[in-house]
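Student: Whatever this is, show me its structure:
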Amino acid sequence: MKKTKKIIFVLPSLVPGGAERVISFVAQNINKQDFDSKLLITGYSKDTSYDVSSINVKYLNTPRVLFSIPYLILYFLKEKPDIVVSSIYHLNAVMGMISTLFKKTKFIGREATILSSRKNEKTKKFFSGSIVHNSLKKIDALVCQSDDMVKDMIKNYQIPKSKVTKINNPISRIPKLKNDTRNDSCKKFITVGRLTEVKGHERLLTILSKLNEPFQYTIIGDGHEEFKKSLFNTAKKLGIENNIKHIPFTKKVDQYIAENDLFLQGSFVEGFPNSLLESCVVGTPVIAFNVPGGTKEIIENGVNGFLVENESMYLKKLKENHNWSPIEVRNSVIEKFSKKKIIKEFEDLFIKILS
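Tutor: Numbering: from 1, shown residues only. Here you go, the predicted model:
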């Protein structure tokens, strides 16, 4: 009888976020005949925003990943996993350090962004530091979500090419397809994403202020209060505050996306934009900037949206009345990023690293 391999998936928390959604999804959907999976969270159970009812979950209840290191070591000593899978840069760095204590365990990190392209200089300095560099090199494999991320890890972090694998994010659920009809009297746009500078909300507001026709723009997402205040002050200065609707958090994201004509992405860099993928699955096309990351791997120009190079091109596309087909928008991504395909890619990586 074939022995199942023990895998522990580790995350800082289960708050709303791409890494949290993807890792908890993969952990619960890999083949249970081949893998015995558990989910280890360094943070608190009260912060859990995802359904993890089908997997054994252990919470360490520590406020920071750094404080959880002794508990992580003790848990691994007790469980003796064959594989440990982590996600998010600072946790991956910690796993790299811990890995030296567990010679029989394979450590896999999954990166969630293009580290060298982060806009915040303080954060960028930390990412480029020797601690992160050296720790990432110690893990056995690194999963990247896009081709650009693969290139970044090899070129800027000197991760051996043999250790790097690209696995896109999966479509975790298929909601109801949007209605094909729309109201031509007022264009309706939506953006889903945390309120931070890197997501480019302010440049989207600038573009929208130049749109000389009725529109409504919905922003779903939360962030630091200071940035949120600055963002809506910008909308007021541009004279479009009455066109903006803000929803901090909702479990009806699919419904809101379906009610809009276009999903707008203003990001300066992306890892692999889950909300953009979710928009295509609903049938709502996307306009996005051609930036480093996985956006270009999702969008097919004229099929499910447009990739543009600058703000003037963005405005031009906003003004166009393109005849989109919701079913064609959905079909452009449904097989390419299917649950079956992506889960198999993870399983193949686990088998490969143990062989």
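Student: any residues touching stretch 248-263, and which ones?
Tutor: With CB atoms under 8 Å, 6 or more residues apart in numbering as the contact definition, stretch 248-263 has outside contacts at 16, 175-176, 178-179, 182, 187-192, 218, 220-222, 247, 275-276, 278-279, 282-287, 305, 318. C-beta here means a position set from N, CA and C on the backbone, and glycine is covered the same way.
Student: er, stretch 95-102 I mean
Tutor: Contacts with stretch 95-102, where a contact means CB under 8 Å, 6+ apart, come from 10, 69, 72-73, 76, 84, 86, 105, 107, 109, 134-140.
Student: Please apply the same query to stretch 69-84.
Tutor: 5-8, 10, 38, 40, 42, 58, 60, 62, 94-95, 97-99, 101-102, 104-108, 350, 353-354.
Student: send the alpha carbons of it over as CSV?
Tutor: Coordinates of each C-alpha in stretch 69-84 appear next as CSV, following Å, rounded to 0.1, in the frame of the first residue of the first chain:
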residue,chain,number,x,y,z
ILE,A,69,9.7,30.7,14.9
PRO,A,70,10.1,28.6,18.1
TYR,A,71,6.5,27.2,17.8
LEU,A,72,7.0,26.5,14.1
ILE,A,73,10.2,24.4,14.9
LEU,A,74,8.4,22.5,17.7
TYR,A,75,5.4,21.8,15.4
PHE,A,76,7.7,20.5,12.6
LEU,A,77,9.6,18.3,15.1
LYS,A,78,6.3,16.8,16.3
GLU,A,79,4.7,16.3,12.8
LYS,A,80,7.8,15.3,10.8
PRO,A,81,6.3,16.5,7.5
ASP,A,82,7.7,15.4,4.1
ILE,A,83,7.0,18.8,2.6
VAL,A,84,6.4,22.3,4.0
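Student: Check which residues of that stretch are buried.
Tutor: Neighbour-count burial for stretch 69-84 flags 72, 75, 76, 79, 81, 82, 83, 84 (criterion: 16 or more other CB atoms under 10 Å).
Student: burial count for residue 52?
Tutor: 18 (other CB atoms under 10 Å).
Student: oh, and call the first residue 12 from now on, that's how I've got it
Tutor: With the count now opening at 12, the last piece we talked about shows up as residue 63.
Student: now the strands for the stretch 162-311 of the chain?
Tutor: With DSSP state E, counting those that start in this stretch as the criterion, the stretch 162-311 of the chain has strands at 175-177, 198-203, 226-231, 255-258, 273-276, 297-300.
Student: Listing request: residues of the stretch 162-311 of the chain with sub-threshold pLDDT.
Tutor: Judged by pLDDT under 70, the stretch 162-311 of the chain has its weakly predicted residues at 192-195.
Student: how distant is the lengthiest helix in the chain from the center of its chain?
Tutor: The longest helix of the chain (DSSP state H) is helix 350-365. In this view, helix 350-365 has its centroid 19 Å away from the chain centroid, taken as CA atoms, centre = their mean, to the nearest Å.
Student: How about it, which residues are buried there?
Tutor: Residues 353, 354, 356, 357, 358, 360, 361, 364 are the ones in helix 350-365 that count as buried (16+ other CB under 10 Å).
Student: Distance to residue 249 and pLDDT added to these, as TSV?
Tutor: Putting the buried residues of helix 350-365 into TSV (distance: CB to CB, whole Å; pLDDT from 0 to 100) gives the following:
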residue	distance to residue 249	pLDDT
353	40	98
354	44	98
356	44	98
357	44	98
358	49	98
360	47	98
361	50	98
364	51	97
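Student: Having no further points to raise, I will conclude here.
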